[in-house]
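[1] curious how this folds, go ahead:
(one chain, ligands or ions: 1)
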Amino acid sequence: MSPKSDFQPAAPATDPASSRLWIKNPLDVFTANGLDARGGIVVSDGKIAELVPAGKRPSAPCHETFDAGSHVLLPGLINTHHHFYQTLTRAWGPVANAPLFPWLQNLYPVWARLTPDSLELAVKVALAELLLSGCTTAADHHYLFPAGLEDAIDVEVGVVRELGMRATLTRGSMTLGEDDGGLPPRSTVQRPEVILADSERLIGKYHERGDGAVIQIALAPCSPFSVTREIMAESAAMAERLDVRLHTHLAETIDEEDFCREMFGLRTVDYLDSVGWLGKRTWLGHGIHFDNDEIARLGAAGTAVAHCPTSNMRLASGTARVLELEAAGVPVGLGVDGSASNDASNMILEARQALYLQRLRYGADVPVERALGWATLGSAAVLGRTDIGQIAPGMQADLALFKPEGLRFSGSHDPVAALLLCAADRADRVMVGGKWRVVDGQIPGLDIPELIAKHSAAAQKIISG
Ligand SMILES: Nc1nc2[nH]c(O)nc2c(=O)[nH]1
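    A predicted model of the protein is given here:
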């Protein structure tokens, strides 16, 4: 039976500061902080104005109500690591069974054929998929800038704004080509001065600071085997000067660890330290192969980790030591990783994967709520944000509402646990900054069949050359 709802579709409020929406009496709620919001929450001016305890009403009148009696209410999920462009190369046969290095070596020449149009479609598919899975903020690591696609990040900004999400767009880079002992072909690397100039331009043009930021820019030399030490050090210096975050892949595979030893004579964390990256500004994609001493050093430095369980299983990269990282003080969030190594952009399913992978490592008493915590508050900390990732007064009204209904939920009891244990894969409603961006499981205004048709054609073209 569908719930009774007196929700009015998102017409712009005449006086947004005074308009109050009560998302009322959810079936269940996970606030990520232990606060009681079983009576619902009040949204006003794009933020969470009030939590309503069980059995109570809001402290002041509300102009609208949305009856959430059949919804589980979560903070909007936050994805900390992706490569949006890779939706064009999902489940590609030649690398379906390959580990990271050969996977990359086969894919680089394909990705070198990206164009502004194909990137735009790829980003739209990735973001639409994320949004429909309850994700409200996503970080992307874009590191391919072939001729004609110098404005890749500008293209991404346009799509993020169109879908009404938040994003941390990282200006990736590759400078260490095959000829110099790196992994990527020469055609995919850029000159450092080009990278640095574009990075500074993007920060000046798009980077928003403070609560409610929609677009943030971070600097992201790709990985130890694809960049020079110089671009790592220069990016760190720019990040310090312009006060933005730093992102890279680190400790993803044993091949990478071997590369660092052979190329730099260092283990990965020593390498990170040697280029000025061991600090609070930095979050690392994957972060799997650390020894005890390295975990302690990362924790002391406040360096964060984006845990990407599905990709790590798909590429057989290893299992991140998430509980030990957190115990040492490392902020940990979740990332779906690029769609060529996941191959889904689904944040609620990623939380399930994280739960199960970490249970395999640490035992069945890793709670469901801990995995939801990585996908919300943990991920917010990884991106350096204190205004999202939890349901609390003053936070941005970024929310994901799931309906545990249908065959896969039939017979389930605890609604929050059921989201992960019964494999919820689609949100019914998603709100970003007080605006509904998913309504009844759909993105208003987005023609998904048309998007799939265009995206599939672009995917075919990039593979065919
Ligand atoms: N999982 C991934 N790891 C990477 N390392 C690197 O240099 N690029 C990638 C990537 O795209 N995915």
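
[2] and the residue of the stretch 51-200 of the chain found nearest the ligand, how many neighbours does it have?
    The ligand sits closest to His83 of the stretch 51-200 of the chain, with a gap of 4.8 Å, by Cβ to the nearest ligand atom. Every C-beta, even on glycine, is put in place using the N, C-alpha and C of the backbone. Using other Cβ atoms under 10 Å, His83 has 28 other residues around it.

[3] isn't it right up against His141?
    Yes. Counting by Cβ atoms under 8 Å, His141 is a contact partner of His83 at 5.6 Å.

[4] list the residues that contact both of these two?
    The overlap between the contact sets of His83 and His141 (Cβ atoms under 8 Å, 6 or more residues apart in numbering) consists of Gly338.

[5] quick check: closest non-adjacent residue to the residue of the chain found nearest the ligand.
    Of all residues in the chain, Ser223 sits closest to the ligand, at 3.3 Å by Cβ to the nearest ligand atom. Closest residue to Ser223 apart from its sequence neighbours, by Cβ to Cβ, 6 or more residues apart in numbering: His249 at 3.9 Å.

[6] tell me the bridge partners for that neighbour.
    On the basis of DSSP bridges, His249 is bridged to Gly285.

[7] dump the residue contacts of it.
    Contacts of His249 by Cβ under 8 Å, 6+ apart are 141, 222-224, 256, 284-286.

[8] average pLDDT across the helix or strand harbouring Arg201?
    Per DSSP states H and E: Arg201 is located in helix 192-206. Averaged over helix 192-206, pLDDT sits at 98.

[9] what are the contacting residues of it?
    By Cβ under 8 Å, 6+ apart, helix 192-206 touches 145, 150, 153-154, 157, 169, 171, 173, 175, 215, 217, 219, 228, 230-231, 234-235, 238, 242, 244.

[10] show me which residues of the stretch 151-300 of the chain sit near the ligand.
    222-223, 226, 249, 252 (Cβ under 6 Å from any ligand atom).

[11] okay if I get these as CSV plus distance to Tyr108, secondary structure and pLDDT?
    Below are those laid out as CSV (distance: Cβ to Cβ, whole Å; DSSP: H, G, I helix; E, B strand; the rest coil; pLDDT from 0 to 100):
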residue, distance to Tyr108, secondary structure, pLDDT
Cys222, 11, coil, 98
Ser223, 12, coil, 98
Ser226, 9, coil, 98
His249, 14, strand, 98
Glu252, 16, coil, 98
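
[12] now, among these, which is nearest to Ile48?
    His249 (34.2 Å; Cβ to Cβ).

[13] test my guess that Thr137 contacts Arg166.
    Yes. Judged on Cβ under 8 Å, Thr137 makes contact with Arg166 at a distance of 4.1 Å.

[14] ok, the closest residue to Tyr85 other than its chain neighbours - contacts?
    Leaving aside its sequence neighbours, Tyr85 sits nearest to Ala122 (Cβ to Cβ, 6+ apart; 4.7 Å). Residues in contact with Ala122, defined by Cβ under 8 Å, 6+ apart, are 84-88, 114, 455, 458.

[15] still on that earlier bit, from the contacts of helix 192-206, which land in strands?
    Among the contacts of helix 192-206, the ones falling in strands (DSSP state E) are 169, 171, 173, 215, 217, 219.

[16] let me have those in JSON lines, extended by pLDDT.
    Shown next, in JSON lines, are those (pLDDT from 0 to 100):
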{"residue": "Leu169", "pLDDT": "99"}
{"residue": "Arg171", "pLDDT": "98"}
{"residue": "Ser173", "pLDDT": "98"}
{"residue": "Ile215", "pLDDT": "98"}
{"residue": "Ile217", "pLDDT": "99"}
{"residue": "Leu219", "pLDDT": "99"}
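
[17] what do Thr137 and Arg166 both touch?
    388, 398.

[18] show me where the stretch 201-350 of the chain has its helices.
    Taking DSSP state H, counting those that start in this stretch, the helices of the stretch 201-350 of the chain run over residues 229-242, 254-264, 268-274, 292-301, 309-314, 322-327, 347-362.

[19] in a markdown table: the ones you listed, plus mean pLDDT and mean neighbour count.
    Listed next are the helices of the stretch 201-350 of the chain as a markdown table, based on pLDDT from 0 to 100; neighbours: other Cβ atoms under 10 Å:
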| stretch | mean pLDDT | mean neighbour count |
| --- | --- | --- |
| helix 229-242 | 98 | 18 |
| helix 254-264 | 98 | 16 |
| helix 268-274 | 98 | 21 |
| helix 292-301 | 98 | 17 |
| helix 309-314 | 98 | 23 |
| helix 322-327 | 98 | 18 |
| helix 347-362 | 98 | 21 |
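
[20] nearest to Pro58, out of the ones you listed?
    Using Cβ to Cβ, the nearest of the helices of the stretch 201-350 of the chain to Pro58 is helix 347-362, at 28.1 Å.

[21] residues touching that closest one, excluding its own?
    Helix 347-362 is contacted by residues 77-79, 130, 133-135, 307-310, 312-313, 319, 321-323, 334-336, 366, 368, 370-372, 374-375, 400, 402, 419-421, 423-427 when judged by Cβ under 8 Å, 6+ apart.

[22] what does stretch 220-235 give?
    101, 141-143, 170-176, 180, 182-184, 189, 192, 195-196, 199, 219, 246-250, 252, 256, 259-260, 263-264, 268, 271, 274-277.

[23] what about 6 Å?
    141, 143, 170, 172-176, 182-184, 192, 219, 247-249, 259-260, 275-276 (Cβ atoms under 6 Å, 6 or more residues apart in numbering).

[24] give me the number of residues near Pro61?
    Neighbours of Pro61 (other Cβ under 10 Å): 8.

[25] once you drop chain neighbours, what's closest to the residue at minimal distance from the centre of the chain?
    Geometric centre of the chain, nearest residue: Asn79, 1.7 Å, by Cα atoms, centre = their mean. Distances taken as Cβ to Cβ, 6+ apart put Ala138 closest to Asn79, at 4.3 Å, once the chain neighbours are dropped.
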